[in-house]
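Trainee: Dropping the sequence and predicted coords here.
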Amino acid sequence: MLPGWGQWKRGERRAWAYAGIEVVALAAYADARLDAGRLRDDYRDLAWEVARMRPEPRVDGDFPYYEALSNFLRSGAFDTDAGSPGVQPEADPSTFNGRIWALARGLFFPPGGEPDPGSEAFRKALAYYEERAVRDGFEWSWVGAESELERYRTLIRRSDDRSGDARLLLGLVIGNHVVSAFDAFLSARTGARVGAFAVPEPGRPGRVRVRVGMRLRVP
């Protein structure tokens with residue numbers, strides 16, 4: 001449960017190394033999680049204030065929604081003619097919804113044909129579109145605010161990077177527990193010693209690779 005505890009009970013100085021790795025890794029993990037959360041709030045705020053601008057109460061989407069905001073200048077409309085019965089899909093393929101409708105047509109429409117709106121092929125394509133397209137209240141447009149879109153992309157990329165750092169650091173914490181327990185067990189039973197040490201990665205400042213080694217005590 002506590003890295004280094006088994007070594008400390010045996011009076012071994014490397015107990016402090018395990019404890020030190022635990023403290024530093026946990027602190028770095030917490031910092032990375034806080035950074036990722038702050039950056040996530042920043043890019044969601046920016047999307048709401050610049051690209052979405054809806055009068056309704058704010059409702060945030062999931063991560064794929066915010067990722068789509070970074071890849072398309074406009075979402076397009078969900079229903080291009082609300083006055084007509086049913087849903088009239090967005091036809092502009094440069095928009096997110098238009099791209100979804102183009103995919104639906106490619107999947108379900110016969111080659112070179114335009115099926116009747118009442119046909120099974122059309123109904124399947126429309127169901128595909130309705131399930132995946134951005135609906136009313138979540139539309140967006142970065143038109144006229146392209147510089148803000150670049151800032152948004154930077155924020156979402158930095159948030160992803162810090163989330164990745166947090167996952168790596170959590171793996172380091174778990175690995176430290178496993179190596180410490182294994183080391184204490186082997187040391188008590190066989191006299192072997194297991195150690196973990198960090199090696200800087202060439203060309204990647206601030207990044208390290210953790211290596212594990214074993215030393216056997218031979219009579």
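Mentor: That came through fine.
Trainee: Relative to V173, how far out is the residue nearest the centre of the chain?
Mentor: The centre of the chain sits closest to D160, judged by C-alpha atoms, centre = their mean, with a distance of 5.3 Å. Per C-beta to C-beta, to the nearest Å, D160 is found 21 Å from V173. Just so you know, the C-beta spots here come from the backbone N, C-alpha and C atoms, and that holds for glycine as well.
Trainee: Check L103 too.
Mentor: 42 Å.
Trainee: What residues does A32 make contact with?
Mentor: By C-beta atoms under 8 Å, 6 or more residues apart in numbering, the contact list for A32 reads R162, S163, D165, A166, L169.
Trainee: for it, helix, strand, or coil?
Mentor: Of the three states, A32 takes helix under DSSP: H, G, I helix; E, B strand; the rest coil.
Trainee: Likewise for K124?
Mentor: Assignment for K124 (three-state DSSP): helix.
Trainee: How about D136?
Mentor: Classification of D136 by three-state DSSP places it in coil.
Trainee: again, but for the one 3 residues further on
Mentor: Here E139 is recorded as coil under three-state DSSP.
Trainee: Name the nearest residue to it, sequence neighbours excluded.
Mentor: Spatially, and ignoring its direct neighbours in sequence, E139 is nearest to S75 (4.5 Å; C-beta to C-beta, 6 or more residues apart in numbering).
Trainee: residue boundaries of the strands in this protein?
Mentor: Ranges of strands within the chain are 193-200, 208-215, based on DSSP state E.
Trainee: Rebuild the contacts of A32 as CSV, extending it with neighbour count, pLDDT and distance to D81.
Mentor: Below are the contacts of A32 laid out as CSV (neighbours: other C-beta atoms under 10 Å; pLDDT from 0 to 100; distance: C-beta to C-beta, whole Å):
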residue, neighbour count, pLDDT, distance to D81
R162, 20, 94, 43
S163, 18, 93, 40
D165, 19, 92, 47
A166, 20, 92, 46
L169, 20, 86, 51
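Trainee: I'd like to know which of those is nearest to E56.
Mentor: Of all the contacts of A32, E56 sits closest to S163, with 28.8 Å by C-beta to C-beta.
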